[in-house]
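Trainee: what follows is a predicted structure for the sequence shown.
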Amino acid sequence: YFILLIITIPRLISTVGKTEQWKSSLPTELSTNNNLSEKLINDPKALEEASTDYGNLVHDFPAAVFRPTTVNDIATLVKLSFNSSVPFRIAARGQGHSTRGQAMARDGVVVDMKGLRERDREGVKNNIKMKNVNEGIKVFGDSKVGYYVDVGGEQLWIDVLYETLEYGLAPVSWTDYLYLTVGGTLSNAGISGQTFRYGPQISSVHQLDVVTGKGEFVRCSKQKNSELFHGVLGGLGQFGIITKARIALEAAPKRVKWIRLLYSDFSVFTKDQESLILRKNSKLDYLEGMVLMHQGPINNWRSSFFPLTDHERILSLVTQHRVLYCLEFAKYYDHHSENTINKEIQTLVQGLNYIPGFYYQKNVSFVEFLNRVRSGELKLQSQGLWDVPHPWLNMFIPKSRIMDFNSGVFKNIIQKRNITTGPVLVYPMNRNKWDNKMSATIPDDEDEIFYAVGFLHSSRFDNWKAFDAQNIEILKFCNDAEIKYKLYLPHYSTQEEWRNHFGPKKWKSFVQRKYQFDPRMILSPGQRIFNNN
Ligand code: FAD
């Protein structure tokens with residue numbers, strides 16, 4: 001014992017010394033608050049993680065990482081900053097799946113929402129998940145009033161899926177990838193192939209619990225505190241930290257027919273996409289599309305779909321045309337209607353003008369379909385290719401200019417630069433499914449339809465700038481051609497650009513909401529909207 005004490009006491013003293021040293025570099029109010037300081041972490045690993053995101057392009061180090069165990073912890077932290085003589089910046093971090101440092105807080109505090117998620121999962125024992133053990137996800141309702149789920153902002157959509165399926169229910173609007181947090185996607189919009197029909201994920205939200213930039217806990221909906229509700233949805237984390245969201249549920253299907261069709265002519269491809277999303281009968285449940293290029297593989301991490309036996313003939317078609325377009329749609333069904341669904345699909349496809357013979361179909365479970373990106377992720381992770389730079393560019397393009405975009409970008413810039421190999425998405429959505437009172441921004445065009453276009457590039461650490469240069473060239477082309485695009489998952493370096501992004505009217509209300517709910521400019525500084533230094 002004596003020897004043990006001789007060894008450990010000096011070690012303890014030196015740790016205490018270091019802790020005190022570390023705390024003195026924190027904002028004073030924080031370092032002296034005992035309740036909070038025990039949830040603050042400054043070990044190099046945590047700081048490193050909080051200064052990295054999926055993009056791997058921006059690295060801003062916080063002074064500390066905060067792991068809350070209650071919502072109250074978050075409110076106390078924000079209130080402390082709000083009441084400080086010099087407030088410190090705070091960013092909620094969901095999964096850090098942003099690509100441009102949006103969930104970082106240089107010299108401030110990153111709230112690692114994982115802390116709450118881990119608390120909620122304590123009920124999971126020996127890896128066996130029991131029904132309704134996740135305290136952060138609770139299903140309510142009945143067949144008369146409808147069903148909904150109350151979900152912590154820290155929760156992952158994959159867990160929301162599994163939990164709601166226990167009741168035979170599921171949300172209607174998704175993202176392509178489910179290991180994202182509810183708070184993170186609702187701060188953007190949350191889009192995928194269901195958006196044309198059900199709107200973005202922000203359209204399915206009934207109510208939110210939010211900790212504002214003043215540290216106040218506020219419940220809001222369309223009827224109550226509606227300014228905050230509309231501000232937070234698509235609000236890029238600027239007005240409050242979402243601690244809970246009430247999301248609409250519907251009966252979940254069991255199976256999915258998943259179809260891909262190939263096109264060589266962009267106008268025929270988009271005409272078919274548009275006719276499918278405007279159908280009144282036998283509506284689809286999901287529609288997307290992608291661009292296949294001669295320099296890239298035809299299957300990618302987003303989904304491996306085409307059978308190996310067909311790779312050669314698809315590749316020779318891509319080589320012949322240099323660019324192909326792949327229309328992708330899905331229809332949900334239950335086991336008992338297998339025959340009817342086959343007939344329905346047949347009728348649907350008969351009216352489409354894809355290249356004859358290039359029709360592909362899969363029959364998968366609902367979970368397999370929604371979680372389709374996961375296996376690609378795991379494969380890349382095992383090859384060390386997931387945590388690489390991701391210079392992504394996501395845009396909304398008005399329908400009236402999508403043909404110009406095709407000739408200027410897909411057929412010209414991308415071909416000329418010859419570096420794009422990752423997924424390039426292009427699919428239409430309906431304007432009337434977006435609520436303009438919410439902060440999320442779409443093109444101002446008159447058209448009912450606009451297109452989502454996503455260049456989901458992965459690059460080596462030494463060549464991401466080549467992709468960024470391509471992104472800049474694409475934006476320059478659009479500006480020169482006066483294509484009135486909007487960025488999705490936007491990032492800008494000046495306030496002038498942010499003002500243009502929102503447009504004069506929306507910018508005015510965005511700024512007003514900021515002064516109302518986060519007047520000291522504390523929240524989500526990594527978006528670089530109000531604190532651009
Ligand atoms: P983070 O990156 O951690 O945070 C995003 C922003 O929201 C930050 O500003 C942060 O401070 C703020 N924030 C985080 N949590 C909260 C909260 N609780 N309250 C308030 N603000 C908060 N998006 C789509 O729409 N559709 C897709 O199909 C899609 N697919 C993707 C696939 C992959 C592989 C990846 C990496 C991303 C994809 N995304 C998609 C983008 C995704 O929506 C964004 O990365 C989004 O930010 C969610 O990620 P996150 O939960 O990690 O949030």
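Mentor: Nice, thanks for sending it over.

Trainee: retrieve the pLDDT associated with the nearest residue in space to residue 353 that is not next to it in sequence.
Mentor: Excluding the flanking residues, the one nearest residue 353 by Cβ to Cβ, 6 or more residues apart in numbering is residue 268, at 4.9 Å. The C-beta positions use only the backbone N, C-alpha and C, and glycine is treated the same way. You'll see residue 268 listed with a pLDDT of 98.

Trainee: alpha carbons of whichever strand or helix holds residue 268, as PDB, please.
Mentor: Residue 268 is located in helix 266-278, with elements delineated by DSSP states H and E. What follows is the C-alpha trace of helix 266-278 in PDB, where atoms were taken according to Å, rounded to 0.1, in the frame of the first residue of the first chain:
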ATOM      1  CA  PHE A 266     -31.400  14.100 -70.400                       C
ATOM      2  CA  SER A 267     -34.700  15.700 -71.600                       C
ATOM      3  CA  VAL A 268     -36.400  12.300 -71.900                       C
ATOM      4  CA  PHE A 269     -35.000  11.300 -68.400                       C
ATOM      5  CA  THR A 270     -36.200  14.500 -66.700                       C
ATOM      6  CA  LYS A 271     -39.600  14.300 -68.500                       C
ATOM      7  CA  ASP A 272     -40.100  10.800 -67.100                       C
ATOM      8  CA  GLN A 273     -39.000  11.900 -63.600                       C
ATOM      9  CA  GLU A 274     -41.400  14.800 -63.700                       C
ATOM     10  CA  SER A 275     -44.300  12.800 -65.000                       C
ATOM     11  CA  LEU A 276     -43.800  10.200 -62.300                       C
ATOM     12  CA  ILE A 277     -43.800  12.800 -59.400                       C
ATOM     13  CA  LEU A 278     -46.900  14.500 -60.800                       C
END
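
Trainee: go through that helix and flag the buried ones.
Mentor: Of the residues in helix 266-278, those buried under the neighbour-count criterion (16 or more other Cβ atoms under 10 Å) are 266, 268-270, 272-274, 276-277.

Trainee: now tabulate those in a markdown table and tack on distance to residue 180.
Mentor: Output for those, formatted as a markdown table (distance: Cβ to Cβ, whole Å):
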| residue | distance to residue 180 |
| --- | --- |
| 266 | 30 |
| 268 | 33 |
| 269 | 28 |
| 270 | 28 |
| 272 | 30 |
| 273 | 25 |
| 274 | 28 |
| 276 | 26 |
| 277 | 24 |
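
Trainee: from the ligand, how far off is the closest residue to residue 518 other than its chain neighbours?
Mentor: Closest residue in space to residue 518, ignoring its immediate chain neighbours: residue 213 at 2.6 Å, by Cβ to Cβ, 6+ apart. As for residue 213, its distance to the ligand is 11 Å (criterion: Cβ to the nearest ligand atom, to the nearest Å).

Trainee: residues touching residue 213, list them.
Mentor: The contact partners of residue 213, by Cβ atoms under 8 Å, 6 or more residues apart in numbering, come to 78, 82, 239-240, 517-523.

Trainee: check residue 74 too.
Mentor: So, once contact is read as Cβ under 8 Å, 6+ apart, residue 74 ends up touching 68, 92, 111, 211, 241, 243.

Trainee: in the sheet, who's paired with the fourth one?
Mentor: This points to residue 211. Taking DSSP bridges as the rule, residue 211 bridges to residue 217, residue 241.

Trainee: and residue 381, which helix or strand is it part of?
Mentor: In this structure, residue 381 sits in helix 374-382 according to DSSP H and E.
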